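# sequence and computational prediction follow.
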Amino acid sequence: MPEHPRRIVVTGTTGSGKTTLARAVAAKLGLPHAEQDAWNHLPGWQEAPVQQFRVAVDVFTARAGWVMDGNYTKANDIGWARADTLIWLDYPGELVFWRLLRRTLRRGYTREELWNGNRESLGMNLFSRQGILAWFFRTHWKRRRETPLKLAAYPHLQVLRFRHPGEAERWMDKL
């Protein structure tokens with residue numbers, strides 16, 4: 001691994017703590033941070049056009065150093081190709097589910113603004129088939145199976161696969 005990684009992607013399932021870790025890594029290394037959700041979710045929860053999203057990833061990752069979090073495959077060929085390090089938060093489903101449920105309840109109760117004026121709705125996220133909890137169940141185990149296959153296309157990446165938050169914390173302490 002590079003002594004000090006400079007171009008870092010943080011990936012993991014919804015609710016795994018990607019943004020929290022990415023912000024902490026960026027702050028510790030003095031690098032800019034970007035959250036792919038902010039580029040993807042336009043006002044009114046409209047999805048950004050693919051080309052617009054790809055341009056945002058391209059512009060951000062053209063820098064000498066950065067930390068970016070997200071799972072959007074529509075620009076992996078840009079972000080992953082330019083990264084030197086990929087951090088994969090591969091935590092147990094039970095842990096992620098409870099983290100996601102707490103986060104969803106907090107965001108719904110506080111009406112915290114997320115990206116571009118969007119706010120989570122408890123009704124939508126708790127009970128809808130389109131909500132974030134349903135998304136977790138559709139994607140968590142699928143990502144666990146597919147991520148190693150996707151990583152094979154980027155052999156230059158130093159991959160840090162953390163299976164428990166304590167592993168990420170110990171790595172951060174050494175950074």
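Thanks, I have it.
# quick check, Trp88 in a strand?
Yes. Counting by DSSP: H, G, I helix; E, B strand; the rest coil, Trp88 is part of a strand.
# where's the nearest residue to it once chain neighbours are set aside, which helix or strand?
With C-beta to C-beta, 6 or more residues apart in numbering as the criterion, Trp88 has its nearest non-adjacent residue at 4.6 Å, and that residue is Arg161. Glycine gets a C-beta too; all of them are placed from N, C-alpha and C. Secondary structure assignment for Arg161, by DSSP states H and E: strand 158-162.
# could you tell me how far that strand lies from the centre of the chain?
14 Å (C-alpha atoms, centre = their mean, to the nearest Å).
# after the lowest-mean-pLDDT helix or strand in the chain comes which helix or strand?
Least confident helix or strand of the chain, by mean pLDDT, DSSP states H and E, is helix 122-127 with a mean of 68. Going down the chain from helix 122-127, the next helix or strand is helix 132-151, by DSSP H and E.
# ok, now which ones touch the residue nearest to Thr147 when sequence neighbours are not counted?
Closest residue in space to Thr147, ignoring its immediate chain neighbours: Trp88 at 6.2 Å, by C-beta to C-beta, 6+ apart. Applying C-beta atoms under 8 Å, 6 or more residues apart in numbering to Trp88 gives the contacts 11-12, 147, 151, 159-162.
# and the most centrally placed residue in the chain, what is it in contact with?
Nearest to the mean C-alpha position of the chain, by C-alpha atoms, centre = their mean, lies Gly70 at 2.8 Å. Contact partners of Gly70, counting by C-beta under 8 Å, 6+ apart, are 9, 11, 18, 35-37, 40.
# one step back: paired strands for the strand holding Arg161, with orientation please.
According to DSSP bridges, strand 158-162 forms sheet pairs with strand 85-89 (parallel).
# what residue ranges in this structure score low on pLDDT?
1-3, 123-126 (pLDDT under 70).
# how about a cut-off of 80?
Across the chain, the ranges flagged by pLDDT under 80 are 1-4, 108, 112, 120-132.
# and the helices in it?
18-29, 36-40, 50-61, 76-82, 93-110, 122-127, 132-151, 165-174 (DSSP state H).
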